[in-house]
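> Pasting a predicted model and its sequence here:
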Amino acid sequence: MKKILSLLLALTMIFALSAVSAPAAYAETPVKAGFIFLHDENSTYDLNFINAAREACEKLGVEYLFKTGIPEGQECADAAEELIDEGCNFIFADSFGHEPFLMQVAKDYPEVEFCHATGTQAHTSGLENYHNAFASIYEGRFLGGVAAGLKLNEMIESGAITADEAKVGYIGAFPYAEVKSGYTSFFLGVRYVCPSATMEVTFTNSWYDPTLEKEGATKLIANGCVLISEHADSMGAPTECEANGVPFVFYNGSAADACPNTFIVASRIDWAPYMEHAMTCVANGEAVEADWTGTIAAGSVKMSEINEAVAAAGTVEKLAEVEALLASGELKVFDTATWTVNGETLTEYLADVDDMGDFVPETNVIADGFFHESEYRSAPYFDIDIDGITNIDA
C-alpha cells in the first residue's frame with residue numbers, strides 16, 4: 001500500500017511540474033489565432049504587424065493563420081468568419097477601417113475574442129469580447145523629430161541652409177487624429193532642438209500608395225523642404241529622397257540598406273508584447289482590456305538603428321538622453337508650453353474620445369500643463385492644428 005501511495009505521489013508531482021512548465025498559451029484554453037492585415041509584406045505598416053504576430057505566436061506555441069490584402073469593408077467580416085470556421089478563437093485586425101466590420105462579427109461570436117489595432121470604439125461598444133490597442137508612438141515620432149532637428153542644426157552650422165530655411169516636409173496618409181498626432185509630435189521633436197524649424201504637410205489620402213507617396217516627396221522638396229518624414233507605408237518617398245539627396249526619417253522599418261545616403265532613423269510600434277499579452281489572457285480565461293496602450297518605457301515603442309553616416313554627430317547620445325526623459329515622464333511630448341494655436345497657449349481642449357460616430361467632442365484632455373494623448377482611450381485623439389505647421393493641400 002505504501003508503494004502505491006508513493007507512486008501516486010510521484011505521479012502527482014510530475015503532473016504538477018508539467019503544468020508549471022507548460023507554455024502560457026496552453027495553460028487552460030488552447031489558442032488558435034487568426035490575423036487580418038490590410039496589405040501584405042510589401043507594406044511596411046503591415047510587415048511590422050506580420051513580424052510581431054509570428055514572433056508572439058511562435059513564442060507561445062500558438063497555431064496561427066494569416067489573411068492578407070483585406071480591404072476596410074465587408075471583406076474584413078468575411079475574413080473573420082472564415083478564420084472562425086478554421087477554428088480560430090482569437091482574431092486580430094490591423095487597420096482603422098476594419099473596426100465596424102470586426103465589431104459586426106464580434107456580436108455574432110461572443111465565444112471568440114477580437115482585438116483591433118488603432119480602433120476607437122471598444123470602450124463604448126459594450127462588447128466584452130472586443131478590444132482596442134495602440135501605443136504611445138508619438139514618443140517615437142518625437143525622438144525621430146529630435147534626430148531630424150539635430151540634422152537641421154548641422155546643416156545650418158555648415159552653411160548648407162540658413163536658420164530660416166530649416167523647413168521640414170511630412171507626407172501624411174489621411175488627415176485623421178492618428179496622423180495629426182504623429183506629425184505634430186515629430187514637429188515638436190524637431191523644435192525641441194531646432195527652434196527655427198517649420199513644417200509643411202501633404203496628404204495622399206491612402207494608407208499605401210508608392211506613387212502618391214513619391215509624388216508627395218517630390219512636391220515637398222520642390223517647395224524647399226530640406227528634410228522629409230512621413231506617415232505612409234511604402235518606399236516611394238524614401239527612394240525619392242535618396243535620389244535627391246534629401247535626408248529623411250522613416251516609419252515602421254529601417255531603410256538603411258536601400259537609402260544609405262539619406263536615411264537617418266525610424267520609429268515603430270512593437271506589437272508583439274500586446275499580442276502575447278492578449279493571447280495569454282485568452283488562454284488563461286482572463287479578461288482582455290477594452291483599451292490597451294503600450295509605452296516607450298514598456299518596450300512597445302521602438303527606434304531603429306541610427307544611420308550614423310547620415311545622422312548629425314551626437315544623435316545617438318541625444319536620443320538616449322531624450323528617451324530616458326520620456327520613459328521617466330519628466331518630458332511630456334505635448335507639453336502646452338512648447339506649442340500654440342493662433343499664438344495662444346491652450347489650457348483646455350475637448351476631444352472626441354468617446355467615438356460615437358457623431359464627431360462631438362466631450363472630454364477635456366488638457367490638464368497639468370500637457371495634452372493627455374492616448375490616456376482616455378488607446379487610439380490617438382490629438383487633432384489640433386498648431387502654429388508652425390502648414391497643410392499645403394488646404
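Sure, I can see it. This one's a predicted model, so the numbers in the text were calculated from it and none came from an experiment. Numbers count the residues shown, from 1 in each chain.
> List phi and psi for residue 93.
Its backbone dihedrals place residue 93 at phi -120, psi 150, with angles given as degrees, to the nearest 10.
> Excluding chain neighbours, what is closest to it?
Residue nearest to residue 93 in three dimensions, not counting chain neighbours: residue 36, with 4.1 Å by C-beta to C-beta, 6 or more residues apart in numbering. Where you see a C-beta, it was placed from the backbone N, CA and C, and this is true even at glycine.
> Tell me, how many residues neighbour the one you found?
Residue 36 sits with 28 neighbouring residues when counted by other C-beta atoms under 10 Å.
> show me what contacts it?
By C-beta atoms under 8 Å, 6 or more residues apart in numbering, the contact set of residue 36 is 67, 70, 76, 79-80, 83, 91-94, 98, 102.
> Check residue 231 too.
Residue 231 sits in contact with 170-173, 178-179, 182-183, 251, where contact means C-beta under 8 Å, 6+ apart.
> What is the nearest of those to residue 384?
Within the contacts of residue 231, proximity to residue 384 (C-beta to C-beta) peaks at residue 183, which comes in at 11.6 Å.
> Neighbours of that closest one, how many?
Applying other C-beta under 10 Å, we find 24 other residues in the vicinity of residue 183.
> and the spatially closest residue to it that is not a sequence neighbour, helix, strand or coil?
Once flanking residues are discounted, residue 183 sits nearest to residue 170: 4.7 Å by C-beta to C-beta, 6+ apart. For residue 170, the reduced secondary structure class is strand; criterion used: DSSP: H, G, I helix; E, B strand; the rest coil.
> Okay, helices next: where are they in the chain?
With helices called from DSSP state H, the chain shows them at 2-21, 44-60, 74-85, 99-108, 122-125, 137-158, 177-193, 210-222, 236-244, 272-283, 315-328.
> right, so of these, which gets closest to residue 336?
Judged by C-beta to C-beta, the one of the helices of the chain that comes nearest to residue 336 is helix 177-193, at 10.9 Å.
> Give the other helices and strands that that closest one contacts.
Contacts of helix 177-193 with other secondary structure elements, assessed using 3 or more C-beta pairs under 8 Å, 6 or more residues apart in numbering; DSSP states H and E, are made with helix 137-158, strand 167-172, strand 198-203, strand 389-391.
> Output those in a markdown table; the columns should cover distance to residue 116.
As requested, the helices and strands packed on helix 177-193 are arranged in a markdown table below (distance: least, C-beta to C-beta, whole Å):
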| stretch | distance to residue 116 |
| --- | --- |
| helix 137-158 | 16 |
| strand 167-172 | 22 |
| strand 198-203 | 24 |
| strand 389-391 | 28 |
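> ranking those by burial, who's on top?
Comparing the helices and strands packed on helix 177-193 by mean neighbour count (mean count of other C-beta atoms under 10 Å), strand 167-172 comes out on top with a mean of 26.
> pull the CA atoms of it into CSV?
Only the C-alpha atoms of strand 167-172 are listed here, as CSV (Å, rounded to 0.1, in the frame of the first residue of the first chain):
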residue,chain,number,x,y,z
LYS,A,167,11.8,73.6,-43.3
VAL,A,168,10.7,70.0,-42.9
GLY,A,169,8.2,68.2,-45.1
TYR,A,170,5.8,65.5,-44.0
ILE,A,171,3.7,63.1,-46.1
GLY,A,172,0.6,62.0,-44.3
